[in-house]
Structures are given as structure tokens and as C-alpha cells.
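A.B. asks: predicted model, plus sequence, below.
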Amino acid sequence: MLLTIRNALHTSRLREQRDHLLAEVKQRYRMIGSDEKIQNVFALIERAAKVDSKVLITGESGVGKDLVARAIHYNSSRTEFPFVVMNCSAIPETLIESELFGYKKGAFSGADHDHPGRFQQAHRGTLFFDEIADMSLMMQAKVLRVLEDGAVTMLGSAETRQVDVRLIAATNKDLQQEIENGNFRSDLYYRLNVIPIHVPPLRERKEDIQPLAEYFLEEICRVHGLSQKRFAGNVWPLLQNHNWPGNVRELNNVVERAAVLSFDRIIDVALLREALQAATPQPPAAKSTSREQTLEEARAAFERAFILKKLNEHDWEIIVTAEALGINRTSLWKKMQMLGIKK
């Protein structure tokens, strides 16, 4: 009898801890906005969370596509199971298959243990494909096969394993155009595009800038252990007139920069203007030396500043930045190494 009571108390404590952690996660990833466009997004999130259908989230970099995916997961029946992220633009093509499907010990040189892939890690939960348009056609075909069969095969194994996974995908590209260009499979697109959700850019929902900035400031002060700060009443025209190419992510970074650098409890226009200017790197001034700068040095300085500017504009997404620069991903990596560019 005593053992039964102890087990019941232990189970109750675990349930309380779980509920507390879930509440913290939901608070951390909650979305804010009263604009009609973002309210439509909230309504779609609520509907998507009630079913297991696949979701395709579109929108520019920095709008919060990952927040939409998390909001769907944490408000669904799968909330107690893993939310696993697969960033298709961040993992090299040579590694993506082993990361996605896993591998058995001895499958290849260096495989000294069994490693479950993202599909297995997300069993009974949600697998989020971020920037799915950057996935190669070969991998798209393999993902399509998993969606059709509901099973995966680890590298180095002949055994097929069933997986129960809810799939959510996101991209900042026009997939219809990618299909026309031969870069994305139409059959995979139609499989994914069951519930489409488009997240609007921040410049199209400017009335949300103030509540977002105030929320970010409160959270940043709490996380960094800073005394609570507030914005001066005259800062809002400055923030609302900014175009926000980096969207909500850029706003968060600007607020964090201003909060950390501010010695006062009130963040004024001058400090925010500095924070906004710092978001766009300026070409470094030529060093004062006894000799003039050579053409090669001037070219390298300009190239470094220009690449940094483009990286910041595209949130350091290598593939997207390389496309904007008109070069391939490998060339961009080499230039970053040569010019000493690090995040």
C-alpha cells in the first residue's frame, strides 16, 4: 500500500514537472501580433494542431516559420513527444542521408556505433524540415518514399523500421517556381502542401512592431539578468519606418543590442538608431599607415564588407547568400575562410 502511494506521488510530481516544462516552452515560443494577417496565421496554427496533416510554411527569412512549426507541435496531441529539426541548408549533402535515416555500426568508416536518424528521433512526435527547398532531388525522392511507406532503413542495414512522424516543412523560396526550374519535385510538393501557411513579413504588419519589441525587451532583460528596461515614448516612428529586411529576427537582434548596451533603464531614439546602423556592417576604414593601400587590399576590404552585408541580410544562410552573390556555396565558404569571416 505504501509503495503504491509513493509511486502515485512520484507520478504526480513527474506530471507536474512535465506540465511546467511544457508551459515554459509554450511561453518561449509563443507568437505575438494583432494584425489581421498574423491573426489568420494563428487561426491556421490552431486548426493544424488539431489534426496530423502535413504543413507547408512559407515566408521570408526571419519571419518566424520555426515558431509556427513549434506552435503547431506544442499545441497538438504530440506535444509530449520530440520536436526534431532538420535544417536542410545547414547540413552538407554528403551527410544529410546519414543524418536523416541514421546508420548502423560499421556502415562506413568512423561509424563506431548505431546512430538513429531524424525520422527515428522524431517517432510519435514532429519532424520539421527547415528550408526544404535546399534539399537535393535525390534526397527529395527518398523522403517521398518514407512519406508513402511510413518506414525508414538505416545506412548499413537491410531492416525496415516503421516510424510515426508528423511532418512540417518550411521554405523562403517559391516552390512552384522551383518546380518549374527543375529543382523541386512536384509530387513531394503536393504531399507536403496539405495545410499551407504563409507568414507575412514584418513590414506588412507594422502595428505589431511595438508589442513585439516590448515583449523581446522584457524577455532579453529576464534572460540576461538585466534590470527591467523600457522604451522612450518617441522611439516608435523610428522602428516603424524601418523596412526590416531581416523581419522579426532582425527586430529581436536590434532590441537585444540596445538592451545590452544601454546603461539607463530607458532606451531612447539615439541608442536604437545606433543599434539599427550596427545591423548593417559598414566597409572598414582604411588603416592609417605610412604607405597607401594597394588595389588588391582595397578590393579585399570591399569584398569582405560586401559579403558580410549579404550574410547579415540573409541571416547567415550560406546557400541563400551564395545565390544572392551569384556564386556557389563552396566558393562562398572559401572566400569566407580567405577573408577571415566568421559569425
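C.D. replies: Everything's here; your move. Numbering: from 1, shown residues only.
A.B. asks: all strands for this structure, in order.
C.D. replies: Secondary structure of the chain (DSSP state E): strands at 55-58, 83-87, 102-103, 115-116, 126-130, 151-153, 160-162, 166-171, 195-198, 230-231, 266-267.
A.B. asks: can you show me the CA trace of the first one as PDB?
C.D. replies: Okay, so that is strand 55-58. This file holds the C-alpha atoms of strand 55-58, laid out as PDB (Å, rounded to 0.1, in the frame of the first residue of the first chain):
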ATOM      1  CA  VAL A  55       2.000  21.500 -43.200                       C
ATOM      2  CA  LEU A  56       4.000  23.700 -45.500                       C
ATOM      3  CA  ILE A  57       5.100  27.000 -44.100                       C
ATOM      4  CA  THR A  58       6.300  29.800 -46.400                       C
END
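A.B. asks: just checking, what packs against it?
C.D. replies: Applying 3 or more C-beta pairs under 8 Å, 6 or more residues apart in numbering; DSSP states H and E, we find strand 55-58 packed against helix 65-74, strand 166-171, helix 186-192, strand 195-198. Using the backbone N, CA and C atoms, a C-beta is placed for each residue, glycine as well.
A.B. asks: got it, and the third one?
C.D. replies: Where contact means 3+ C-beta pairs under 8 Å, 6+ apart, strand 102-103 is packed against strand 115-116.
A.B. asks: distance from the strand it packs on to the middle of the chain?
C.D. replies: What separates the centre of strand 115-116 from the centre of its chain is 23 Å, taken as C-alpha atoms, centre = their mean, to the nearest Å.
A.B. asks: for it, name the packing helices and strands.
C.D. replies: strand 102-103.
A.B. asks: what sits up against stretch 233-242?
C.D. replies: Defining contact as C-beta atoms under 8 Å, 6 or more residues apart in numbering, one finds that stretch 233-242 is touched by 206, 209, 210, 213, 251, 267, 268, 269, 272, 273, 276.
A.B. asks: what about 10 Å?
C.D. replies: Outside stretch 233-242, the residues within contact range by C-beta atoms under 10 Å, 6 or more residues apart in numbering are 202-203, 206-207, 209-210, 212-213, 231, 250-251, 254-255, 258, 266-273, 276, 279.
A.B. asks: out of these, which end up buried?
C.D. replies: Neighbour counting by 16 or more other C-beta atoms under 10 Å classes 202, 209, 212-213, 231, 250-251, 254-255, 258, 267-268, 271-272, 276, 279 among these as buried.
A.B. asks: what's the farthest-apart pair in those residues?
C.D. replies: The span of the buried ones among the contacts of stretch 233-242, defined through C-beta to C-beta, is set by 202 and 268 at 21.9 Å.
A.B. asks: reformat the strands of the chain as JSON lines; add mean pLDDT and distance to residue 237.
C.D. replies: Below are these laid out as JSON lines (pLDDT from 0 to 100; distance: least, C-beta to C-beta, whole Å):
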{"stretch": "strand 55-58", "mean pLDDT": "98", "distance to residue 237": "30"}
{"stretch": "strand 83-87", "mean pLDDT": "94", "distance to residue 237": "36"}
{"stretch": "strand 102-103", "mean pLDDT": "88", "distance to residue 237": "53"}
{"stretch": "strand 115-116", "mean pLDDT": "89", "distance to residue 237": "52"}
{"stretch": "strand 126-130", "mean pLDDT": "96", "distance to residue 237": "34"}
{"stretch": "strand 151-153", "mean pLDDT": "92", "distance to residue 237": "53"}
{"stretch": "strand 160-162", "mean pLDDT": "91", "distance to residue 237": "57"}
{"stretch": "strand 166-171", "mean pLDDT": "97", "distance to residue 237": "32"}
{"stretch": "strand 195-198", "mean pLDDT": "98", "distance to residue 237": "28"}
{"stretch": "strand 230-231", "mean pLDDT": "96", "distance to residue 237": "12"}
{"stretch": "strand 266-267", "mean pLDDT": "94", "distance to residue 237": "15"}
